[in-house]
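1. Compute the structure for the input listed below.
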Amino acid sequence: MLKCSTCQAVERQCADCGHSFTGKDLKCWQCRKIERDCWGCGETFTGATNYCDTCRNSERMCTGCGVAFTGKRSRCNRCQNEDRECAGCGREFRSAGNRLCSGCRAKDRECPDCGRIFWGNRTICPGCEATDRVCVECSSPFWGRDRRCGPCKWHSVPPEIRTNRSRAYYNARRARILGTEARDRVTEAEYSEIRAGGQCVYCDRPAADGDVDHIRPLTRGGRHEVANLVLACINCNRSKNNSLLVRWRPDRVEHGCRVSAKVRAEYERQVAEGQESGAML
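-> The predicted model follows:
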């Protein structure tokens with residue numbers, strides 16, 4: 001054969017369903033999936049390969065580095081991925097065998113099923129790919145593209161990461177609802193770093209189950225950015241609510257100014273604003 005598998009893959013129409021796809025076979029992936037017997041265990045499965053997923057996904061030794069891993073290939077992911085230059089834009093990216101980066105592979109295309117314009121590197125849109133299926137973990141029916149339902153995927157994430165993600169999401173959502181101006185989007189890593197302190201800045205108590213507090217509340221013109229976020233325990237967070245520092249408990253504010261430069265800067269700003277408003281009167 002004169003060409004590699006990547007060069008043989010071209011955009012063509014499936015001989016059965018007529019959908020456009022990129023590959024070297026005459027039929028698309030969906031049409032090649034039929035009910036067959038696995039060559040390894042003999043169980044009946046639906047797919048486009050000779051072995052079922054259980055037999056293909058087994059523990060093996062990487063031929064490159066010799067490390068044990070679970071997968072379907074002869075080399076582990078680390079050995080397969082290598083730095084290469086994109087043939088489209090020239091940008092360096094890391095991949096196992098693609099000639100184009102993800103940005104160059106993705107483009108605006110029309111779904112052959114529903115006619116909707118979507119951006120990506122699949123042949124049909126995500127909405128048409130989603131079907132009624134059964135979760136492999138809890139056996140509950142759901143609508144989607146994955147093998148597991150949403151609750152099962154969510155509970156597989158470690159609890160501390162779930163907490164950071166959910167609270168970062170709801171704080172950002174609340175900022176959008178209130179129309180708050182934000183300089184930067186607070187990332188999950190920055191949110192986790194703020195919560196990693198473990199102690200409330202206002203009372204120095206353990207705040208493992210606490211929340212991230214906006215020093216200047218969003219309803220008082222505060223911004224949803226890292227400079228306006230500190231870790232507070234549940235009691236301090238509820239007590240402060242949407243109060244300014246100059247209107248809240250002096251003992252807690254004094255402690256916060258002593259341990260946090262962000263709290264001290266905001267407190268001095270609010271004092272200056274009060275002095276200016278008093279002078280204007």
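2. wait, isn't Ala227 in contact with Lys262?
-> Yes: applying Cβ atoms under 8 Å, one finds Ala227 in contact with Lys262, separated by 6.0 Å. All C-beta atoms are positioned from the backbone trio N, CA, C, and that covers glycine.
3. tell me, how many neighbours does Cys138 end up with?
-> Neighbourhood size, Cys138 [other Cβ atoms under 10 Å]: 12.
4. contacting residues for it?
-> Neighbour list for Cys138: Cys149, Pro151, Cys152 [criterion: Cβ atoms under 8 Å, 6 or more residues apart in numbering].
5. before we move on, what about Val263?
-> Contacts of Val263 by Cβ under 8 Å, 6+ apart are Val201, Tyr202, Ile215, Val230, Leu245, Val253, Gly256, Cys257.
6. Helix, strand or coil: sort out it for me.
-> Here Val263 is recorded as helix under DSSP: H, G, I helix; E, B strand; the rest coil.
7. what do you get for the one 10 residues further on?
-> Each residue gets one of three states, and Glu273 gets helix by three-state DSSP.
8. re the thing from before, and of the contacts of Val263, the nearest to Ala130?
-> Val230 (40.9 Å; Cβ to Cβ).
9. State the number of residues packed around the closest residue in space to the closest one that isn't next to it in sequence.
-> Distance criterion Cβ to Cβ, 6 or more residues apart in numbering; nearest residue to Val230, sequence neighbours excluded, is Val201 at 4.7 Å. Look at Val201: counted by other Cβ under 10 Å, it has 25 neighbours.
10. any idea how far Val201 lies from Asp211?
-> Val201 sits 12 Å away from Asp211, going by Cβ to Cβ, to the nearest Å.
11. got any residues that touch both of the two?
-> In contact with both Val201 and Asp211: Leu231, Ala232, using Cβ under 8 Å, 6+ apart.
12. can you pull the contacts of Ser156?
-> Listed by Cβ under 8 Å, 6+ apart, the contact set of Ser156 reads Arg148.
13. Equivalent analysis for Gly18, please.
-> By Cβ under 8 Å, 6+ apart, the contact set of Gly18 is Pro112.
14. hmm, back to that, go ahead and confirm the residue nearest to Val230 touches Asn237.
-> No: with contact defined as Cβ under 8 Å, Val201 does not count as touching Asn237 (10.9 Å).
15. Low-confidence bits of this protein, can you list those?
-> The chain contains residues with pLDDT under 70 at 1-2, 5-6, 177, 179-185, 277-281.
16. which residues in it form strands?
-> 10-13, 20-23, 34-37, 44-47, 58-61, 68-71, 82-85, 92-95, 107-110, 117-120, 131-134, 141-144, 211-214, 229-232 (DSSP state E).
17. now for those, which one comes closest to Ala196?
-> strand 229-232 (8.5 Å).
18. Please spell out which residues along that closest one are buried.
-> Leu229, Val230, Leu231, Ala232 (16 or more other Cβ atoms under 10 Å).
19. Test my guess that the third one contacts Gly197.
-> This points to Leu231. Yes: using Cβ under 8 Å as the test, Leu231 is close enough to Gly197 to be in contact (5.1 Å).
20. Counting neighbours, what do you get for the residue nearest to Glu43 when sequence neighbours are not counted?
-> Nearest non-adjacent residue to Glu43, counting by Cβ to Cβ, 6+ apart: Cys52, 6.0 Å away. Around Cys52 there are 20 other residues, counting by other Cβ under 10 Å.
21. Backbone dihedrals for Cys52, please?
-> phi -70, psi 170 (degrees, to the nearest 10).
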